[in-house]
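In: Attaching a predicted model along with its sequence, questions to come.
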Amino acid sequence: MKDTEKFAGAKYVVKANFTVDGVVEKHDVIGAIFGQTEGLFPKELELRELQKSGKIGRIDIKLKSAKDKTSGVIEAPSSLDRAETALIAAAIETVDRVGPCDANINVESITDVRSEKRAAIVARAKELMRNWVVKDGHEIDQLLGEVQRVDKKIKAVNYGRERLTATPDISKSKEIIVVEGRADVNNLIKSGITGVIAMEGVKVPNTIKNLAKRKTITAFLDGDRGGDLILKELMQVAPPAYVARAPRGKEVEELTTEEIKAALNSRHPPGEKPKAVEEPKPEKAPRTRTRREPRAAREPRKPEPPKEPSPLLPIVEDLKGTLEAVLLNGEGEQTGRMPVYELVEKLKDSEGIQTVVFDGIVTGRLIDTAREKNIKTIVGERVAEGVRVPRGIKVRSFRDLN
């Protein structure tokens, strides 16, 4: 139990250690404190009167006995002012006997209960502020997305029990294209391509399995390791008739219309290479003596240099817990510092900024503004879920730099 809950309503807590030459109980210690401090001060400052008026709370005693000695801790909550609390603490120290046994009481500390409460309030306020900023950013992103979708003739729909993202004609199309995610479907719609459905995950949904039994499927996947894994999964449970891939290192959602059509035109059956990448095999060169060079003549592989810490680490450590942002130019010089809630508006009016480091959450709205201002690097406390990072911008979290 925290002190703020245990000593509700108190300003201070007097904490004292005690030892008694004998075996005593809690009520013996309490009785000694009240009895031996009685009459030391005017009636309005006696412990009994202060407890009746609620200015001194319930005195808590924790003790243990061993080898004919008793030791423990006294905690007395106080709503008095600082001087009066210190006076009561000094009076408790004068107790020298508990029952028939000699005793010694020593005040260890007088703590301000409100300091813990203030720390909790500040921490909660920061959390509320951070979530507030993120919520506003998400709402703006959602509004912009709705406006941008108004002029689209075709809109994606939910299809099947898993409610997969697909084009409206997916059930009528004899040939369909299976892509990885919602953004891929939307990009193909913009390019005028229909009959598209998204897996929305590595595991193949039952809806895709059922479609594979009665339709001709083309798997159009990203040009990365994730696309390789999804293709292996499809080959096991819903083998496609054709496979198309984005260029290596690219994702379907970021391809241009020309790149999408080129990839689909070069589709091929699984296990075969696309025609566009087939190259004639070079003629075998005649053997030369260079093949018989001794191993000692080969150059040894140079070890990779150790990874250097990021130069942004000192700025990250300085910003943690501040809810502030720092702007850096191309030379790495700091050109501005402001609260996080002002960051997007400040960026719109800034020029020459290359790096943004801030104690907040990276949202789609911030990334869109950074792309417009040609900002290369964004470092935030963490990155919001579902945010898509365009090519040309590096997005990192504080944890990535450690």
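Out: Received it, and whenever you're ready, just let me know what you need.

In: Now do the contacts for residue 62.
Out: 72-73, 75 (CB atoms under 8 Å, 6 or more residues apart in numbering). (Each C-beta comes from the backbone N, C-alpha and C, glycine too.)

In: switch to 10 Å and redo it
Out: Applying CB atoms under 10 Å, 6 or more residues apart in numbering, one finds that residue 62 lies in contact with 26, 71-75.

In: Over to residue 23?
Out: With the criterion set at CB under 10 Å, 6+ apart, residue 23 makes contact with 63, 65-70, 99, 101.

In: wait, which of these is closest to residue 368?
Out: Taking CB to CB as the measure, residue 368 lies nearest residue 63 of the contacts of residue 23, at 64.4 Å.

In: Assumed that closest one was part of a strand.
Out: Yes. Applying DSSP: H, G, I helix; E, B strand; the rest coil, one finds residue 63 inside a strand.

In: In this model residue 27 seems to touch it, though I could be wrong.
Out: No. Shown here, residue 63 and residue 27 do not form a contact pair, counting by CB atoms under 10 Å, at 11.0 Å.

In: domain assignment for this protein?
Out: 10-113, 157-275, 313-401 (automatic domain parsing).

In: JSON lines for the ones you listed, including distance to residue 130?
Out: What follows is the domains of the chain, written out as JSON lines (distance: least, CB to CB, whole Å):
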{"stretch": "domain 10-113", "distance to residue 130": "27"}
{"stretch": "domain 157-275", "distance to residue 130": "26"}
{"stretch": "domain 313-401", "distance to residue 130": "6"}
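
In: quick one, which of those is nearest to residue 121?
Out: Closest of these to residue 121 is domain 10-113, at 13.0 Å (criterion: CB to CB).

In: before we move on, the earlier item: output the domains of the chain as JSON lines; include the columns mean pLDDT and distance to residue 127.
Out: Compiled in JSON lines, those are given as follows (pLDDT from 0 to 100; distance: least, CB to CB, whole Å):
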{"stretch": "domain 10-113", "mean pLDDT": "88", "distance to residue 127": "22"}
{"stretch": "domain 157-275", "mean pLDDT": "88", "distance to residue 127": "30"}
{"stretch": "domain 313-401", "mean pLDDT": "87", "distance to residue 127": "10"}
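
In: looking at those, which is closest to residue 123?
Out: domain 313-401 (8.9 Å).

In: quick one: the helices in this structure?
Out: Here the chain has its helices, by DSSP state H, at 3-6, 26-37, 47-52, 82-93, 113-148, 182-190, 206-214, 225-237, 257-265, 313-319, 343-348, 364-372, 398-401.

In: What is the fourth one packed up against?
Out: What that stands for is helix 82-93. strand 12-20, helix 26-37, helix 47-52, strand 69-78, strand 101-112 (3 or more CB pairs under 10 Å, 6 or more residues apart in numbering; DSSP states H and E).

In: go with 6 Å
Out: Helices and strands touching helix 82-93, by 3 or more CB pairs under 6 Å, 6 or more residues apart in numbering; DSSP states H and E, are strand 12-20, strand 101-112.

In: got a markdown table for those, with distance to residue 266 too?
Out: Converted to a markdown table, the helices and strands packed on helix 82-93 look like this (distance: least, CB to CB, whole Å):
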| stretch | distance to residue 266 |
| --- | --- |
| strand 12-20 | 75 |
| strand 101-112 | 73 |
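
In: which of those is buried the deepest?
Out: Among the helices and strands packed on helix 82-93, ranked by average contacts under mean count of other CB atoms under 10 Å, first place goes to strand 12-20 (a mean of 20).

In: Need the helices of the chain in JSON lines (columns: distance to residue 382).
Out: Formatted as JSON lines, the helices of the chain follow (distance: least, CB to CB, whole Å):
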{"stretch": "helix 3-6", "distance to residue 382": "29"}
{"stretch": "helix 26-37", "distance to residue 382": "49"}
{"stretch": "helix 47-52", "distance to residue 382": "49"}
{"stretch": "helix 82-93", "distance to residue 382": "42"}
{"stretch": "helix 113-148", "distance to residue 382": "10"}
{"stretch": "helix 182-190", "distance to residue 382": "21"}
{"stretch": "helix 206-214", "distance to residue 382": "32"}
{"stretch": "helix 225-237", "distance to residue 382": "22"}
{"stretch": "helix 257-265", "distance to residue 382": "32"}
{"stretch": "helix 313-319", "distance to residue 382": "12"}
{"stretch": "helix 343-348", "distance to residue 382": "15"}
{"stretch": "helix 364-372", "distance to residue 382": "13"}
{"stretch": "helix 398-401", "distance to residue 382": "7"}
